[in-house]
Structure formats: C-alpha cells, structure tokens
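Chemist: I would like to see how this sequence folds:
(one chain, ligands or ions: 1)
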Amino acid sequence: MTNTTTAVSRRSALALGGSALALGLSGLTAQAQQVVKVGLILPMTGPFASTGRQIEAAAKLYMAQKGASVAGKTLELVVKDDTGTPDVTRRIAQELILNDKVSVIAGFGLTPLAMSTAPIATQAKVPMVVMAAGTSIITDASPFIARTSFTQAQSAATMGNWAAKNGVKKVVSLVSDYAPGHDSEKFFAEAFKADGGEVLQSLRVPLQNPDFAPFLQRVKDAAPDALFVFVPSGVGAVLMKQFIERGLDKSGIRLIGPGDITDDDVLNGFGEAAVGTITAHLYSAAHPSALNKAYVEAFKKANNNMRPNFMSVGGYDGMHLIYEALKKTNGATDGAGLVEAMKGMAWESPRGPISIDAATREIVQNIYIRKVEKVDGELYNVEFATVENVKDPVKAGRK
Ligand code: VNL
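Modeler: Residues are numbered from 1 along each chain as shown. Below you'll find the model as predicted:
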C-alpha cells in the first residue's frame, strides 16, 4: 500500500512536472517569437580589433539609450568575432542565420569580409548592414546590403578636389594594397588631376604587417608637395611613427588623405608631428553639433574614456537603421521588407545629416575637410570646410 501510494504520488509528481515543463516550454516559445536577433560580426581580435571594439561599443550604446524594445519586439544583439578572416566571417554569418535565426547580419570590418558574406545575404534573403567596410562595389554585391559607414571614394575624391584647389601641385600616393586602397588611389587621382594636379608616383604597400620605411624613402626622394596616404583604421599609428622616424615631418612634404590616417582612436597618441595633417572624412569626434557632443560624452562614459572614431558612427547609425526599419514594418522581419524600409531613410547622425540612397542602398553624407590641431591639450581633427551630401562617385548618376 505504502509502495503503491508512493508510486502514485511519484507518477502524479511526474505528470505535474511534465505539464510544468510543457508550460515552461510554450512560455519560452511565445517569448522567442517576440525576440528579433541581430548578428553583429566584427574583428574583435587581430590587427583590426579596434574597429570591432568601436562598433560594438557604439551599437551597445545605441541600445542602452533607446532600450531593447522596438515595434513590439525585443531586439537582441549577438556579437561574434571573425578575427578579420573572410572565410570565418562567411561561416559565422551562415551559422547565425541557420542556427540562431538572426533577422539581420551587421558589422563587416573590412572589404574582403563583406564581399565574402554578400552571397549569403542574397541566398538567405537576410538584410546585411555594412557598418565599416568602404569599397564602392560592396553595395552592388547583394541587393540585401545597406551601408552606414562610408565609401573610400567619397573621402578620396573630396580630398583630390580640395588639394588641387589649395596649392598642392605634385603628389605621391601611398595606399594599402587591397580594394579600398585601390579605390582611394583611383578616386583621389581622378579628382586631383581633373583640377590640374599631378601624381608623381602611386605606391602600394601590403595590407598585412606593412613596413612603410622603403616606401617613405622613395617619397622623400621624389619630394612631392604632399603625400596622400590611405591605410585602414588601426594602421595609421605605424605609418605615422615611420613618417616621423624618416624625418618626413620636417621635410616640408605635407601629409594628406582620407581620415583613416588620423583616426580618432589613435590620433591623440601621435604627438606634435601630426599637427597640420589635412584629411577629408565623414566624422570627427570634434564635430561641433549638440548631438555629437552628447554622443562623445556618453560613449566615453560607457567605455572607460575611449574616444569614438569614424567606425563607431557606422555602428551607431547601423543600429538606428535597423530600429527604424523594424518600426516601419511594424516588427515584421521579412528580409526584403526590411531592406525596402531602409531605402531612402534620412536622419541626423553624430557625424551630421545622412541618408540611405533609395536607388543604391548607399550612404549619402557630408565630407568634411579637417586639420589636426591641439584643442585643450588633445589632438583632434578640426573641421574647417564641408562638402554637403556627397554620394559615392561610382553611383552618383544612378536613379
Ligand atoms: C576598410 C576601409 C577598412 C577603411 C578600414 O579599416 C578602413 C575596408 C579597418 O573597406 O576594408 O579604415
């Protein structure tokens, strides 16, 4: 009898447990339907880790400020480290889509990482928000791509026009030997020559473990008015160190380029030699708007006083684009619908006014001419001229 009772009560306990489990699971399922996952794939380790760090910090800041609740759904960020390796980026994107069921993939620290993943976005019909990489062709690689970073050509062409019109006659260009370097070299030269400038030499240095010394010696020998440089974010410090070691800072050769070289992430460590460097770019931590002042303050506060750089705004604005697209679709996560909602979106970023070109899904933004100056004891890119609403030159005519 005792045994039977025990058995019965055990059985009912099991039954109860079972239904409790069933309840718990259905509760979970109901909850899972409300979650919208965004997979953020970034180089968090390796030579381009600063880009990952900046974008992750900015995306998290955006979510902390706006809350995770959007259009009746709970947005969840899944951050993955691709170490800056294209095969890894693509594999992580596949896993995030198939296993984690993310509705959007985002990040993409370098052009090769974005290009390797573009076919996955197309096949899976999942929106891909490019928050960093800057080669013009990227947005043509998939109809599911929208970009919130920049194109190298936007900055390089603007620099070419400015240099030719401001007393620079002869230039040597020096770029990292991969796609955004080639874009920088080409679009700078085209604009500079069109306005009467002459490019004496076009030098290319390897992307991985670059030794700039032999190239800088050739620059010194060629004695141009200016050296135009593109190296990706995070590499500028090495270039600047060797520029100074070779005595180029005292040679009268001006340093110009897109703003990757005077990246806010590392600029303050450059020292006096960097003062006077003129660059054309989309963002400066010193951009004098109320929105940017609040952004810089909040970003520093949340990140151990780290200064936000131009990569960070790609992450911050990328999250804005995802939030606003979800609001437009009332929380629907169908990929084609989300991309449609992103087209033509315009808003004020910490960098200034920006929009997503409806025809090309490419960012349109101001490009500022800036000069490195010491402000309150720290080095900043101080903006002194603005070219408004710059489209990617490659796509400028498209409707
Ligand atoms: C790229 C362009 C990467 C500009 C960068 O830093 C950059 C790219 C990592 O498209 O690979 O500053």
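
Chemist: now the helices: where do they sit in the stretch 251-399 of the chain?
Modeler: 290-302, 310-328, 335-342 (DSSP state H, counting those that start in this stretch).

Chemist: Just give me how far stretch 292-304 sits from the chain centre.
Modeler: With C-alpha atoms, centre = their mean, to the nearest Å as the basis, stretch 292-304 stands 18 Å off its chain's centre.

Chemist: Then stretch 155-175?
Modeler: Going by C-alpha atoms, centre = their mean, where stretch 155-175 is centred and where its chain is centred differ by 24 Å.

Chemist: is the ligand contacted by it?
Modeler: No. Stretch 155-175 lies out of reach of the ligand by C-beta under 6 Å from any ligand atom, never closer than 9.2 Å. C-beta here means a position set from N, CA and C on the backbone, and glycine is covered the same way.

Chemist: how about that stretch: buried residues?
Modeler: 155-164, 168, 171-175 (16 or more other C-beta atoms under 10 Å).

Chemist: what do you get for stretch 64-79?
Modeler: Neighbour-count burial for stretch 64-79, counted by 16+ other C-beta under 10 Å, picks out 70-71, 73, 75, 77, 79.

Chemist: Widest-spaced pair of those residues?
Modeler: Ala71 and Val79 (21.9 Å; C-beta to C-beta).

Chemist: follow-up on the earlier one: list just the nearest of the buried residues of stretch 64-79 to the ligand.
Modeler: Of all these, Val79 has the smallest distance to the ligand: 17.2 Å, by C-beta to the nearest ligand atom.

Chemist: which residues touch Ala325?
Modeler: Listed by C-beta atoms under 8 Å, 6 or more residues apart in numbering, the contact set of Ala325 reads 127, 338-339, 341-342, 345.

Chemist: rerun at 10 Å
Modeler: Taking C-beta atoms under 10 Å, 6 or more residues apart in numbering, we find Ala325 in contact with 70-71, 104, 127, 129, 146, 332-333, 337-343, 345, 356.

Chemist: what about the protein, any weak spots by pLDDT?
Modeler: 1-33 (pLDDT under 70).

Chemist: tell me which element the residue nearest in space to the middle of the chain is part of?
Modeler: When C-alpha atoms, centre = their mean is applied to the chain, the residue found nearest the centroid is Ala132 (2.0 Å). Element membership of Ala132, judged by DSSP states H and E, is empty: it is in no helix or strand.

Chemist: my guess is it contacts Gly315, does it?
Modeler: Yes. Ala132 is in contact with Gly315 according to C-beta atoms under 10 Å; the separation is 7.8 Å.

Chemist: so what sits against both of those two?
Modeler: Common neighbours of Ala132 and Gly315 (C-beta under 10 Å, 6+ apart) are 42, 51-52, 54-55, 106-107, 148-149.

Chemist: In helices, which of those residues fall?
Modeler: 51-52, 54-55 (DSSP state H).

Chemist: out of these, who's nearest Lys301?
Modeler: Gln54 (15.3 Å).

Chemist: For that closest one, give its distance to Ser289.
Modeler: Separation of Gln54 from Ser289 (C-beta to C-beta, to the nearest Å): 19 Å.

Chemist: Neighbour count: the two, which is higher?
Modeler: Gln54 (32 against 14; other C-beta atoms under 10 Å).
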